[in-house]
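Novice: give me a 3D structure for the following:
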Amino acid sequence: MSDAPVANVIPQLNIDITRRLRHFIVENERTARRFLKRCDRAIDIDALTFSTLNTHTLPAELPAMLEPLRQGHDMGVISEAGCPAVADPGADIVAIAQREGFRVVPLVGPSSIIMSLMASGFNGQSFAFAGYLPIDASARTAALREMERMIQRRDQTQIFIETPYRNDRLLAELVKTLPGHLRLCVAADITGPSQTIITRPLSQWARNPMRISKRPCIFLLYK
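Specialist: Modelled structure (predicted):
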């Protein structure tokens, strides 16, 4: 969810479906409630039920979240940022729904991963999303070197993310670790009010670094 007007980010059909739902699985209940009010101020938030699914949720807690489905009610999954169930804990609850034979309906909407690729100018025919890089310094360097090899060997765009407060540190590491001729696209706050998407060689990033700060960000590498 971004701070952009809801109608700028998701289709009207999604809003119409959301109005009808009474049960939600969300990453953060407070921001989910705020998002729903932005969809339609007439929604009675207190009449809704919310189950929280985030990185702290235990696997044993997941099956009970689908009880409304078992009783014949529709449910919605709301991601805190990005696309639900893509690089997102919502994938775990969708897996259970699939195993139990419930109908799963993906709604049209933005994926920061795909949108960043669209705007990068990089190879959209062959690409890989690596998620978060390792925290350990040596493993992190090894992961970056492997990405460099995949770019050269497979002509493959490499896409990855970082915890927002580490964004600027990661940018510095990329400049220091990888060859200057590789191109880096930094796509920050996609669909948000401070959206910035810039592609240039790492050598130029070294001379003119960008302060990303804590904005949600996608990083892409290519030759």
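
Novice: which residues does the residue nearest the centre of the chain contact?
Specialist: For the chain, Gly82 is the residue whose C-alpha lies nearest the centre (C-alpha atoms, centre = their mean; 3.3 Å). Residues in contact with Gly82 (C-beta atoms under 8 Å, 6 or more residues apart in numbering) are 88, 111-113, 216. For every residue, glycine as well, the C-beta is placed using N, CA and C.

Novice: so which residues of this structure form strands?
Specialist: 23-26, 49-52, 76-78, 127-132, 157-161, 183-188, 196-201, 217-222 (DSSP state E).

Novice: for Val6, which of those is the nearest?
Specialist: For Val6, the closest of the strands of the chain is strand 76-78, at 12.1 Å, according to C-beta to C-beta.

Novice: please identify the pairing partners of the closest one and their relative orientation?
Specialist: strand 23-26 (parallel) (DSSP bridges).

Novice: hmm, who's touching the partner strand?
Specialist: 32, 36, 48-53, 65, 68, 73-78, 80, 90, 93.

Novice: how about stretch 119-139?
Specialist: 87, 113, 117-118, 140, 142-144, 147, 150, 154-163, 170, 183, 185, 187, 197, 199, 220, 222.

Novice: tell me the buried residues within these.
Specialist: 87, 113, 117, 143-144, 147, 150, 156-162, 170, 183, 185, 187, 197, 199, 220, 222 (16 or more other C-beta atoms under 10 Å).

Novice: so Leu66 makes contact with Arg99?
Specialist: No: Leu66 is beyond contact range of Arg99, at 10.3 Å (criterion: C-beta atoms under 8 Å).

Novice: settle it for me: which of those two has more neighbours?
Specialist: Leu66 (18 against 9; other C-beta atoms under 10 Å).

Novice: quick one: contacts for that one?
Specialist: Taking C-beta under 8 Å, 6+ apart as the test, what Leu66 contacts is 75, 93, 96-97, 100, 102.

Novice: got it, and Thr49?
Specialist: Applying C-beta under 8 Å, 6+ apart, the residues near Thr49 are 22-24, 68.

Novice: go again with 7 Å.
Specialist: Going by C-beta atoms under 7 Å, 6 or more residues apart in numbering, Thr49 touches 22-23.

Novice: what residues are bridge-paired with it?
Specialist: His23.

Novice: so what's it scoring on pLDDT?
Specialist: Note on Thr49: pLDDT of 97.

Novice: save the strands of the chain as JSON lines, and put in distance to Arg207 too.
Specialist: What follows is the strands of the chain, written out as JSON lines (distance: least, C-beta to C-beta, whole Å):
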{"stretch": "strand 23-26", "distance to Arg207": "43"}
{"stretch": "strand 49-52", "distance to Arg207": "44"}
{"stretch": "strand 76-78", "distance to Arg207": "41"}
{"stretch": "strand 127-132", "distance to Arg207": "26"}
{"stretch": "strand 157-161", "distance to Arg207": "22"}
{"stretch": "strand 183-188", "distance to Arg207": "13"}
{"stretch": "strand 196-201", "distance to Arg207": "10"}
{"stretch": "strand 217-222", "distance to Arg207": "18"}
